[in-house]
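In: Fold the following.
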Amino acid sequence: MKEHFYTYIQSLQDTITSKLEEVDGKATFVEDLWNRPEGGGGRTRVIENGNVFEKGGVNISAVEGVLPQILRDNFGVKEGNFFACGLSLVLHPKNPMVPTVHANWRYFEMYDEQGKIVTQWFGGGQDLTPYYLFDEDAIHFHTVCKNACDKHNQEFYPRYKKRCDEYFWNAHRDEARGIGGLFFDHLKETDEYSLQDRYDFVTEIGNSFLESYVPIVERCQQLSYSESQRDWQEIRRGRYVEFNLVHDKGTLFGLKTNGRIESILMSLPPKVQWHYNNAPEVGSDEAYLVSILQKPIQWI
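Out: Have a look, this model is predicted:
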């Protein structure tokens with residue numbers, strides 16, 4: 001399964017970066033191949049200063065070796081080896097009318113002293129972080145997510161949408177990072193689902209990503225914006241940074257396990273603002289966004 005899934009994310013990375021270069025029309029992804037001293041490596045692709053994307057990355061990695069202490073503590077084991085691979089992407093558009101997007105699809109295995117698999121699972125999801133909220137875009141994004149889930153189980157969308165709302169929550173701000181999407185983890189083989197069933201579901205979600213995001217980019221990129229709207233975008237980007245550095249488990253895991261720092265911090269936007277006690281004007285478009293982020297809603 002690990003070779004099967006790693007082959008898939010290699011192909012998905014090619015598909016996504018090719019389409020995003022087409023959408024941008026100016027910038028191209030710069031590729032950076034790297035190796036992890038403890039075992040494994042990855043292929044980082046970063047795009048910057050484009051017509052559409054101010055900064056973004058679409059990265060894949062496959063790492064293995066001795067289970068880090070943080071995971072030994074988590075699993076309650078004294079020793080063991082692991083393998084993990086995945087694709088992670090974050091895109092920060094220049095136009096504040098275009099939302100930031102994040103997605104991740106991953107696979108994990110852990111082994112005993114004899115090299116036998118003792119646990120394995122899939123995880124992932126995709127979520128949208130707008131700066132100016134257009135309801136039709138939120139509905140489109142969530143509709144694509146739901147349609148992909150419904151092909152496998154109609155209970156998946158409400159379940160994983162709820163988990164997404166709970167996970168991407170800036171607890172210290174008491175608000176959501178964005179308008180959610182899907183979040184799932186520890187999808188293991190069960191009596192109801194084989195590991196192949198789990199693979200089929202996760203790849204269904206991965207394959208739906210471009211459909212969920214590109215139409216929004218193409219529509220919103222045509223909208224004009226002011227300097228004050230750009231300032232608001234950079235202020236809200238600050239909340240994105242706060243979540244990633246304070247709460248995000250993937251970022252914290254990478255920082256605590258000698259991960260590749262450039263790939264880990266690739267998710268951070270290039271220009272951010274923080275203002276003391278900033279609050280949008282009552283009744284404004286900015287205030288509407290904040291009101292939605294304070295209490296996630298059902299978009300479909």
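In: and stretch 174-192, how far apart are its ends?
Out: End-to-end span of stretch 174-192 (Cα to Cα, to the nearest Å): 37 Å.
In: in that stretch, what's buried?
Out: 175-184, 187 (16 or more other Cβ atoms under 10 Å). To be clear about C-beta, it is placed using only N, CA and C from the backbone, and glycine gets the same treatment.
In: what's the spacing between it and its chain's center?
Out: 11 Å (Cα atoms, centre = their mean, to the nearest Å).
In: Just give the nearest non-adjacent residue to Val202, would you?
Out: Phe122 (4.6 Å; Cβ to Cβ, 6 or more residues apart in numbering).
In: The one you found: helix or strand, and which one exactly?
Out: strand 117-129 (DSSP states H and E).
In: now Ile60
Out: Short version: Ile60 belongs to strand 53-66, going by DSSP H and E.
In: Give me the distance from that strand to the chain's centre.
Out: 11 Å.
In: Also stretch 146-154?
Out: Per Cα atoms, centre = their mean, the centroid offset for stretch 146-154 relative to its chain is 19 Å.
In: Look at it and report the distance between its end residues.
Out: Counting by Cα to Cα: the opening and closing residues of stretch 146-154 are 8 Å apart.
In: same thing with stretch 26-37?
Out: End residues of stretch 26-37 are separated by 35 Å (Cα to Cα).
In: Identify each buried residue in that stretch, please.
Out: For stretch 26-37, by 16+ other Cβ under 10 Å, it's 27, 29, 32, 36.
In: So which bits of the strand holding Ile60 are buried?
Out: Buried residues in strand 53-66 (16+ other Cβ under 10 Å): 53-64.
In: for stretch 82-98, same thing?
Out: 82-98.
In: one step back: can you tell me which of the buried residues of stretch 174-192 end up in helices?
Out: Among those, no member falls in helices (DSSP state H).
In: wait, which of these is closest to Lys2?
Out: Leu187 (14.9 Å; Cβ to Cβ).
In: Is it correct that that closest one is in contact with Phe201?
Out: Yes. The criterion here is Cβ atoms under 8 Å, and Leu187 meets it with Phe201 at 7.3 Å.
In: Residues that sit against both of these two, list them.
Out: When contacts are counted by Cβ atoms under 8 Å, 6 or more residues apart in numbering, the set common to Leu187 and Phe201 consists of Phe122.
In: show me the contacts for Pro37.
Out: Asn258.
In: Dihedrals phi and psi, it?
Out: Dihedral angles phi and psi of Pro37 (degrees, to the nearest 10) take the values phi -50, psi -30.
In: Check the one 4 residues further on too.
Out: Per-residue torsions, Gly41: phi 180, psi -160 (degrees, to the nearest 10).
In: and what of Phe75?
Out: Dihedral angles (degrees, to the nearest 10) for Phe75: phi -90, psi -10.
In: So what pairs up with the residue lying closest to it once chain neighbours are set aside in the strands?
Out: Residue nearest to Phe75 in three dimensions, not counting chain neighbours: Met110, with 6.9 Å by Cβ to Cβ, 6+ apart. As for beta bridges, Met110 partners with Phe82, Thr119 under DSSP bridges.
In: quick one: contacts for Met110?
Out: Per Cβ under 8 Å, 6+ apart, neighbours of Met110: 67, 71, 75, 80-82, 117-120.
In: Next: Ile292.
Out: Counted by Cβ under 8 Å, 6+ apart, Ile292 has contacts 133, 179.
In: Now do the SS call for it.
Out: helix (DSSP: H, G, I helix; E, B strand; the rest coil).
In: Next: Tyr213.
Out: Going by three-state DSSP: Tyr213 is helix.
In: Wait, it touches His102, no?
Out: No. Taking contacts as Cβ under 8 Å, Tyr213 lies outside contact range of His102: 10.3 Å.
In: Common neighbours of those two, please.
Out: Counting by Cβ under 8 Å, 6+ apart, the shared contacts of Tyr213 and His102 are Gln126.
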